[in-house]
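Undergrad: Here is a sequence with its predicted model. Questions after.
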Amino acid sequence: MSSPVSARVAAISTSPTLAVTAKAASLRAAGQPVIGFGAGEPDFPTPANIVAAAQLACADPSAHKYSATPGLGPLRDAIAAKAKADSGLAASPEQVVVANGGKQALYEVFATLLDPGDEVILAAPFWVSYPEQIAVAGGVPVVVSTDEASGFRASVEQLEEARTERTKALLFVSPCNPTGAVYDPEDVAMIGAWAASHGLWVITDEIYQHLVYGDATFASLPVVAPEAAERCVVVNGVAKTYAMTGWRVGWVIAPQDVAAGMTRLQSHLTSNVCNVAQAAALEALTGPQDAVAEMVEAFDRRRRIAVDMLRALSGVTCSEPEGAFYTFPGFHEVLGTEVRGRPVATTLDLADLLLDEAQVALVPGEAFGAPGHARISYALGEAELTEGIERIGSVLS
């Protein structure tokens, strides 16, 4: 009997990051002392003022009804104002569409912009959902590979080499998941100018905008490359900055015709985003920002701990991430060897070995288009972070 599942859906792979997180949680529930490096979410609780705003919204009868598909008016106003204040991006509330998390926002962008066969250039390592979403929307992901030598940053020359007559858009990400790479403002401007010169759309994912460390500087592409602004779509949300991954509120700032198209699409998908979650997001954007600074300070401290410890491990290399909350160490010297009597040909093999032998869960680089590496999140407590890397070292030594 043939499968009842469509070819389009059958071609989608399960999110490897969520799968690793679920497996680690299952093993913990069974009593195993698993340390999970797979989660792409802060370990902090959502700040109390945000939770309080949601509690108030729960008691407000107006929050119990359908609301405007592109988002509550005050929230769209706040998103436009925050974009201007934080990155210099000028936009009207009519250009804002609120979605159920950054993930849905991204998919709606691809579904709105892409026709079958349209190509989208993206750099690897990439977040696991990008190529899947592009493909489901009928597009073709065209991958440009980067490495540690370039700081995991793609050059204009690489992007131009990947461009064809079918190229419709560039997917640009800084800070980057999984590498933590942050592009210099000058490079962002050059990439934006290149895209504009070829009439390409740019979809820029700014979800880690506020998680930047050291001397690195975040730059919003349509701000530093204004010539690209009229064909640029910005995706953002509250998930990472405010420890609100489970609240599912993301958004898009886009030219009005694109925003209108997304609104039509969303009207048939989800109607509106949960009103209580939107009230929480409004408080996140307009309320005190002290908790954000505290989380960034903690992530920065953990970042330095993780990099120093990983660089000290035998056969491991690790570039220094400048943003997000991940390291992306290389295990190339380990591959092709035997570890504890087991052959390790790929980082998939290594991940299985570490889970079995050290009760450490990480996401292999194959999931991000970068075999030989693995993503290790430092969005967990310092004691767990230290012990987890020590366990890895004990297996590799």
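TA: Great, that's in hand. Numbering: from 1, shown residues only.

Undergrad: Every contact and neighbour count from this point should use C-alpha atoms.
TA: Noted.

Undergrad: could you pull out the strands for the stretch 201-350 of the chain?
TA: Assigned strands in the stretch 201-350 of the chain, in chain order: 201-205, 232-237, 250-253, 326-327, 337-339, 342-344 (criterion: DSSP state E, counting those that start in this stretch).

Undergrad: deepest of these, which one?
TA: Most buried of these, by mean neighbour count (mean count of other Cα atoms under 10 Å): strand 326-327, with a mean of 29.

Undergrad: Show me what that strand is packed against.
TA: Strand 326-327 makes packing contacts with helix 290-311, strand 374-377 when contacts are defined by 3 or more Cα pairs under 8 Å, 6 or more residues apart in numbering; DSSP states H and E.

Undergrad: Mind listing the strands it pairs with, and their directions?
TA: Paired strands of strand 326-327, with direction, are strand 374-377 (antiparallel) (DSSP bridges).

Undergrad: Now the element after the partner strand, going C-ward?
TA: helix 382-396 (DSSP states H and E).

Undergrad: Please provide the alpha-carbon coordinates for that following helix, formatted as CSV.
TA: What follows is helix 382-396, C-alpha atoms only, in CSV (Å, rounded to 0.1, in the frame of the first residue of the first chain):
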residue,chain,number,x,y,z
GLU,A,382,27.7,26.7,34.7
ALA,A,383,27.9,23.6,36.8
GLU,A,384,26.2,21.5,34.1
LEU,A,385,28.2,23.2,31.4
THR,A,386,31.5,22.4,33.0
GLU,A,387,30.6,18.8,33.9
GLY,A,388,29.3,18.1,30.4
ILE,A,389,32.4,19.2,28.7
GLU,A,390,34.5,17.3,31.3
ARG,A,391,32.5,14.2,30.4
ILE,A,392,33.3,14.7,26.7
GLY,A,393,36.9,15.1,27.5
SER,A,394,37.0,11.9,29.6
VAL,A,395,35.6,10.0,26.6
LEU,A,396,38.0,11.5,24.1
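
Undergrad: Show me the contact partners of it.
TA: Residues outside helix 382-396 that contact it (Cα atoms under 8 Å, 6 or more residues apart in numbering): 35, 302, 305-306, 309-310, 313-315, 334, 339-340, 354, 357-358, 360, 378.

Undergrad: Lowest mean pLDDT among the helices and strands, pick that one out for this protein.
TA: helix 16-29 (a mean of 74; mean pLDDT, DSSP states H and E).

Undergrad: Could you single out the most deeply buried of the helices and strands packed on strand 326-327?
TA: Of all these, strand 374-377 has the most neighbours on average by mean count of other Cα under 10 Å, namely a mean of 26.

Undergrad: Now do it: everything it contacts.
TA: For strand 374-377, contacts defined as Cα under 8 Å, 6+ apart pick out 37-40, 178-179, 325-331, 347, 362-365.
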